[in-house]
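>>> just need the structure, nothing else, for what follows:
(3 chains, ligands or ions: 3)
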Amino acid sequence: MNEQAPSDQSWFTLLDREYYFSEEVFEREAQAIFLRQWHYVAHVSEVAAAGDFVVVDLLGESVIISRGRDGSINALLNSCRHRGFPVCREKAGNARLLVCGYHNWAYGLDGALRKAPSIDDAVINYDNWGLHRVRVEVWQGLIFICLGEPRTADLAGELDAVAADMIQLDPTRMKKIHEQSVDLETNWKVMRENFQECYHCAGNHPELSLSLDVEATYHNTGDVQRKAEFYGGGSQPRPGMRSISMDGEAKCSKYLGAFGEPGAEIPEQFHAGFAIHPLFSRGLFSVDYGVIFTMNPISPGKVRWTSRWFVHEDAVEGTDYDRDEVTKLWRVSVEEDIDLVTRSYEGMNSRRYVPGPLSASREPTLRVSQALYLDMMDEV
Amino acid sequence: MNEQAPSDQSWFTLLDREYYFSEEVFEREAQAIFLRQWHYVAHVSEVAAAGDFVVVDLLGESVIISRGRDGSINALLNSCRHRGFPVCREKAGNARLLVCGYHNWAYGLDGALRKAPSIDDAVINYDNWGLHRVRVEVWQGLIFICLGEPRTADLAGELDAVAADMIQLDPTRMKKIHEQSVDLETNWKVMRENFQECYHCAGNHPELSLSLDVEATYHNTGDVQRKAEFYGGGSQPRPGMRSISMDGEAKCSKYLGAFGEPGAEIPEQFHAGFAIHPLFSRGLFSVDYGVIFTMNPISPGKVRWTSRWFVHEDAVEGTDYDRDEVTKLWRVSVEEDIDLVTRSYEGMNSRRYVPGPLSASREPTLRVSQALYLDMMDEV
Amino acid sequence: MNEQAPSDQSWFTLLDREYYFSEEVFEREAQAIFLRQWHYVAHVSEVAAAGDFVVVDLLGESVIISRGRDGSINALLNSCRHRGFPVCREKAGNARLLVCGYHNWAYGLDGALRKAPSIDDAVINYDNWGLHRVRVEVWQGLIFICLGEPRTADLAGELDAVAADMIQLDPTRMKKIHEQSVDLETNWKVMRENFQECYHCAGNHPELSLSLDVEATYHNTGDVQRKAEFYGGGSQPRPGMRSISMDGEAKCSKYLGAFGEPGAEIPEQFHAGFAIHPLFSRGLFSVDYGVIFTMNPISPGKVRWTSRWFVHEDAVEGTDYDRDEVTKLWRVSVEEDIDLVTRSYEGMNSRRYVPGPLSASREPTLRVSQALYLDMMDEV
Ligand code: FES
Ligand code: FES
Ligand code: FES
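Ligands and ions are numbered 1, 2, ... in the order given. Model (predicted):
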């Protein structure tokens, strides 16, 4: 009773049901994608001074992001090499040494083992027992990590190439004003698919649809036929509107980057951003503020969705912006998306679920992103 | 140290431990039994008018029961053929079209796809993308569905043959006055076995034992040697009592069916009902009210138990009946059974559990029902 | 980047990650260790009179400990031989017969089937359908059970040999004054390892370190090179201190055993105790009070930790001791250990976790205990 997707490619389907429910597929995804892609985890301002550290969770790993005495940024697994205890118990702090609370092994801010009191120095080689290091790259003040062997070594080069507009906003001089995480009962790909099309926006995001140029979303993520890991572009406001907000007005009077200079000219419908596909870190910026979304898959049926909001580092709360106003539009929209992606996943759990037809001409982004996903999966 | 059940069949045992705990057995049961049997899901009065719908959950599926413009009853999987979103978000309502809230695909009340805005009409054949239909039968106003290929096609014929007493009560003209569901940590067969014998009643159901003719339960479910899917008969009140209630009195003054007519004669110890074995929908009716129990297995260790109470459609709450009074006896008894079936299941979890001896002469119903179960399981 | 533990055995490592997370390993542990070792479950004073019973949970089994008319102590699986219902619903009581509440099968205090009302006496042999008996041994008033075939038959002989100091305290004449259980999200071996070394004490147990002679813990568990299931010895107080308590003072003025006699001489730094490795019941006693810890593994990632406190049976609460004072030190210390063992386990969940180096000369207990564990596991 079902049709096969036709060879003329006038329509296509998403993946079979098992891709969304199978533990085995999830583990293959971990090897092929999750552990091999760059993930946004923190802004440099969170580890501004030597000795500063923050602890982030990614794909089941607890990771320390620290700044060394020499100013370098390190990413270290937060699992003591003695018996696994988390070396940093607090989520953030400043320290000269990272000292494990269990038996006092002490590590440098770069993870090197400095002192292991529970074992004689003579019997082990300290060089072999530093904290596991994680690959870390800083692009424009945004810290990304990759837990395994990165698929793309030159993160900065890739982002430079697609997201020049972001550089105009000088992300180095932003500050994070809010962060929220929620664990959703859905597959990460359902969330991705939801995020990659805006056909559902009119009916489900009345607030977002007010300021977002929905029609433009179908066109301006660059060449949607291009099967690539990195994309640029953000959310384009409607003509005459300044920002993606509840009323289209800017919600922070201190603008980002060069646009904050007196007399700076603001391009009509300005927007900037970046995306890493298919498991994306997704930045969406207007001249006044921006948001970075990340996904953290936990199991086939669970994903953590984190949203972080940014304004100019010199913007003063209460004077230049009101935090609730800046964050409101996306808080509301994320809430709406949560309902969509969790209920879709419930419906896909039907024993008779088969993927339905999508339009090759009107929903091309999903097809390209799916092709990219399958390519990556094939490599394992 | 254990005995084998003897070949003279003076006693027998229930199934081995693995039948109650194994995921693999559960999946075989789904294929052989759950998906091939009829389940009671709703009363016609719940979808009385054209466009009325209710959404029911069965065996992991969300199912829409709707009444079309032509008066027909439909059962449809509540999973949009586009990307799986539940087409009906509300549990009940009235609609001209069933419109999916995600991207506005619209379906008729019979599930036919009418409009798919996210894809050009030209590229897909609407005939192939209607909501999945589920088999549905209406017997005497009671709506049953079967999610797969029904083991017994002619549900009405089977029930007519065994449950003529129910027809006397004219179920078409009943109304549901209460429904409750509870998820129990037990295997569905433990609940079935508990329900099929009343040796435990004297010690565990003091309230039920007051009005129920316990001795009669051993005799009057028809021929208990008959290994069949369909049975008739209900719960027989003790001599002189009218109903299965806290005091044996009728709890609704407006009697069901022909018994509601002025001057109608009420047979001594009247009762009616129906049962579908081994995963049963079980109706138990007196002249004044009835209850239908259903089981919805969720996993080897979890089952949803639903109870629905019915009185004459013309009975007026507060005048003809008090809802708490009508429902009290079975609410209390179900509560007692919950304790029995969940604690038995805990006890069966012992590493050394082996099924014990049951009396072939005094507990024949369990043996016949088990034989039926094994026959069905063998067919897969 | 890791070192292999050297052949000169100057250091060693704990087990690989899978030993702590695998279901398959856990089931092998159950067969090789959990079901074959003796576990402390109750004190004789809890079943002082004929007919007294208590119900204990061990390794997923509910077990009845009862005292018969003849004074004997029985251990019986609390799962009715008819259909598995728990014969004893209460956690403790006194009864002439143990009567199952489901269908009234009645058992003697020794588990023998006496009456099976749901089946004709003639058709089954009562001798075959008594409650499953569990091996039980009483040593000095302490009741131990083994759910399977015990690895060591002569429990009393083994404990006599290693724990003569305990006998001085006359455990038969103690009473339990407090019990607490907590389910922890960790592997039982992480808890064992934590309990077998006190390098972590200074930094994590400030209260315990006040009265415990931490240095002595490295020496006085007998010969740590001896790879054995049974050990003696408790927690040695610091010089000049009487007990393991918040201030090193005795917390019960009525001393245990012979030390309670007028004029009895108390050895300096007295302590006594016993341990069963590797899944241990661990007793730690001073002259005034003692505590017995037990572990009850539930799954690879979950273990129940139970603590029971004892004083002299003649000690009077409010006069001779204050219950909160007696129990405080270990309540506080257990709380601290819970944090350590659950967080270590989280850290060990890292994909890159490998066991780290332990000192062969300073942490020998863990190595010996691990060798014992591997020997036992090899036997399956
Ligand atoms: S686990 Fe970190 S020092 Fe022991
Ligand atoms: S999922 Fe229903 S219209 Fe898209
Ligand atoms: S289960 Fe115990 S008597 Fe039936």
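>>> show me the strands in the stretch 251-380 of chain A, by range?
Assigned by DSSP state E, counting those that start in this stretch, the stretch 251-380 of chain A shows strands spanning A:272-276, A:281-285, A:290-299, A:302-312, A:357-359.
>>> please apply the same query to the stretch 1-150 of chain A.
A:11-13, A:39-43, A:52-58, A:61-67, A:73-77, A:92-94, A:98-99, A:106-107, A:113-115, A:135-139, A:142-146.
>>> do you know which of these lies nearest B:Q236?
strand A:11-13 (56.4 Å; CB to CB). Placement of C-beta: from N, CA and C, glycine included.
>>> near chain B at all, that closest one?
Yes - contact of strand A:11-13 with chain B (CB under 8 Å from any CB of the partner chain) involves A:W11.
>>> for the record, mean pLDDT for that strand?
The pLDDT scores in strand A:11-13 average 93.
>>> so A:L142 is in contact with A:H43, correct?
Yes - contact criterion CB atoms under 8 Å: A:L142 and A:H43 qualify, at 6.3 Å.
>>> neighbours around A:E46, how many?
17 (other CB atoms under 10 Å in any protein chain shown).
>>> find the nearest non-adjacent residue to it, please.
Nearest residue to A:E46, sequence neighbours excluded (CB to CB, 6 or more residues apart in numbering or on different chains): A:V54, at 5.1 Å.
>>> from A:V138, how far out is that neighbour?
14 Å (CB to CB, to the nearest Å).
>>> between the two, point out the one with more neighbours.
Higher neighbour count among A:V54 and A:V138: A:V54, with 20 against 16, using other CB under 10 Å.
>>> what about A:S181, which helix or strand?
strand A:174-184 (DSSP states H and E).
>>> what angle separates that strand from strand A:142-146?
Between strand A:174-184 and strand A:142-146, the angle comes out at 40 degrees (axes from the mean of the first three to the mean of the last three CA atoms, to 10 degrees).
>>> just the endpoints, please. Distance across stretch A:307-323?
One end of stretch A:307-323 to the other measures 14 Å (CA to CA, to the nearest Å).
>>> ok, stretch A:70-86 next?
24 Å.
>>> check whether that stretch contacts chain C.
Yes - judged by CB under 8 Å from any CB, stretch A:70-86 and chain C are in contact via A:L77, A:N78, A:S79, A:C80, A:R81, A:H82, A:R83, A:G84, A:F85, A:P86.
>>> circling back to that earlier point, nearest to ligand 1, of the strands of the stretch 251-380 of chain A?
Of all the strands of the stretch 251-380 of chain A, the one in closest proximity to ligand 1, counting by CB to the nearest ligand atom, is strand A:290-299 (25.1 Å).
>>> same for the closest one, what does it pack against?
helix A:23-32, strand A:39-43, helix A:188-195, strand A:281-285, strand A:302-312 (3 or more CB pairs under 8 Å, 6 or more residues apart in numbering or on different chains; DSSP states H and E).
>>> how far away from the center of its chain is the third one?
Shown here is helix A:188-195, whose average C-alpha point lies 13 Å from the average C-alpha point of the whole chain (CA atoms, centre = their mean, to the nearest Å).
>>> which helix or strand lies directly C-terminal to it?
helix A:201-204.
>>> buried sites along that following helix?
A:C201, A:G203, A:N204 (16 or more other CB atoms under 10 Å in any protein chain shown).
>>> how about the residue of the stretch 101-250 of chain A found nearest ligand 3, nearest residue that isn't a chain neighbour?
Nearest residue of the stretch 101-250 of chain A to ligand 3 (CB to the nearest ligand atom) works out as A:E185 at 37.9 Å. Nearest residue to A:E185, sequence neighbours excluded (CB to CB, 6+ apart): A:T342, at 5.2 Å.
>>> what is the burial count for that neighbour?
A:T342: 15 neighbours (other CB under 10 Å).
>>> and it, how close does it get to C:D120?
56 Å.
>>> interface residues of chain A facing chain C?
Close to chain C, as judged by CB under 8 Å from any CB, chain A has residues A:35, A:60-62, A:77-86, A:89, A:101-104, A:116-120, A:122-125, A:128-129, A:132, A:147.
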